[in-house]
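Colleague: Everything below, folded, please.
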Amino acid sequence: MEHGLSWKEKLGAKIPVELGREIDIFEQHMELRKQGKMDEKVFAETRLRRGIYGQRYDSGQRHDGKRIQKLKLLAEVIKGPETLWDAPGMMRIKIPFGGVTPEQLETLADLSEEYADGVTHVTTRQDFQLHYVHIDDTPALMRRLAAVGITSREACGNVVRNVTACPLAGICHEETFDTTPYAKACSKFLMGHPDTQDFGRKVKVAFSGCEQNPCGLITMHDMGAIAKTRIVNGKVQRGFAFYVGGGLGSVPYKAKLFDAFLPEEELLPTMQAISRVFARLGEKRNRARARIKFLIANLGIDEFRKLVLEERQKLSPDSRWTDFLNSVNEQSEQPLKAGVSLNGHQRPEGFEAWYATNVYKQRQPGYVASTVTLPLGDASADQLRALADIARRFVKDTLRTTVEQ
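Modeller: As a prediction, this is how the structure comes out:
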């Protein structure tokens, strides 16, 4: 960074206005907490909504992807009743549908070295996490993330979390259509929306391009959409088999079918209506019973559907519901090079075994997807930079995280 310039000053023009305003507000909240003018419970909610968690320290160790390392921690930051409010914690970064670019990977690598323990963790919901981040450093991290198009906003808290999707979306042989633009639009529409700010607990959303494979884990989510098509007046119409009320935890529920065919233009307004019903009728006092699955169990799926459809009719039209549909048929990712067949040369030792488990032949002729395994979901800063370099050389911007960590 240039001498004398803060990250806010240096990156200001690259940071989206709304995210910049959010970060400024959080900095003000941090200052109020330091001055003792904001209660810890109130501050905890505001930091969680910006992806900042408290963290356990009782093991005193951390696996860096290669070996277990002992951590140098002061006794007073050990997790417990006396833990300091500003003890280093975890920061979660949202990666909608798992789509990440080389530039973003390099930024994450830099941040993990400068502010964390040099390890970046990929989660089972396609997010990234940095551990041992001091809260004083979080505004700088947020601004540097925002400057490359990603955010920690609403990665935690009682809001809509990261929107996940099948990592093979757009290249799968069995998908009905590519759900990438729908997942992207959903994430953008619901993040920070006024109707998603008063939940009793979190809401998780997932997309899948087909129903015969479990890649999207649709029935484990609060809201899940499986791509469908039908013929209407001789034309193909896109839509989704839409599910609600799934979840794991100590009381797992399989999601119930809300609509066998929800037209694509009704996807976002229906999600908005569900959010409003959940915010109004969902449990608020007992966190253990505050997920959508319990509301649906209490009301029954038919009554819940009735309330949502009634709420849908009350909504004022919003151009964001359908603006994105004009570009859904465009290919979401472009190749760097023309597709070719294998050159017939002798393959190196071990290649066949790796090829059998880590390579997927895309529906686009001449191309494959290659899976990189991360032990425990962890990657070092150098590994992220190497992946970014490989992507630039061979596949342009086409990287995806998966839920299989």
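
Colleague: Low-confidence stretches in this protein?
Modeller: Counting by pLDDT under 70, the chain contains low-confidence ranges at 1-3, 55-67, 69-87, 332.

Colleague: which residues of it fall in helices?
Modeller: 7-11, 17-34, 40-48, 102-115, 138-146, 180-190, 267-281, 292-299, 301-314, 351-358, 381-394 (DSSP state H).

Colleague: Isn't Met129 up against Met91?
Modeller: Not quite, residue 129 is Gln, not Met. Yes - judged on CB atoms under 8 Å, Gln129 makes contact with Met91 at a distance of 6.8 Å. Just so you know, the C-beta spots here come from the backbone N, C-alpha and C atoms, and that holds for glycine as well.

Colleague: Could you check which of those two is surrounded by more residues?
Modeller: Between Gln129 and Met91, Met91 has the larger neighbour count (other CB atoms under 10 Å), namely 29 against 22.

Colleague: could you list every residue that touches that one?
Modeller: Met91 makes contact with Gly51, Ile52, Tyr53, Ala116, Gln129, Leu130, Val133, Thr138, Leu141, Ser152, according to CB atoms under 8 Å, 6 or more residues apart in numbering.

Colleague: beta partners of the nearest residue to the fourth one once chain neighbours are set aside?
Modeller: With sequence-adjacent residues excluded and distances taken as CB to CB, 6 or more residues apart in numbering, Ala116 is closest to Leu130, at 4.0 Å. Counting by DSSP bridges, Leu130 forms beta bridges with Met91, Thr120.

Colleague: Now do Leu130 against Asp178, distance only.
Modeller: Distance of Leu130 to Asp178, computed by CB to CB, to the nearest Å: 30 Å.

Colleague: Over to Ala388?
Modeller: In terms of CB to CB, Ala388 sits 24 Å off from Asp178.

Colleague: Of these two, give the one with the bigger neighbour count.
Modeller: For Ala388 versus Asp178, neighbours defined as other CB under 10 Å are more numerous around Asp178 (24 against 21).

Colleague: State whether the more buried one and Leu168 are indeed in contact, as I suppose.
Modeller: No - Asp178 sits out of contact with Leu168 when judged by CB under 8 Å, with a separation of 9.8 Å.

Colleague: separation between Thr138 and Ala386?
Modeller: Distance of Thr138 to Ala386, computed by CB to CB: 27 Å.

Colleague: just Arg276 next, same as before
Modeller: Separation of Arg276 from Ala386 (CB to CB): 46 Å.

Colleague: Gly246 is nearest to which of the helices of the chain?
Modeller: helix 292-299 (6.6 Å; CB to CB).
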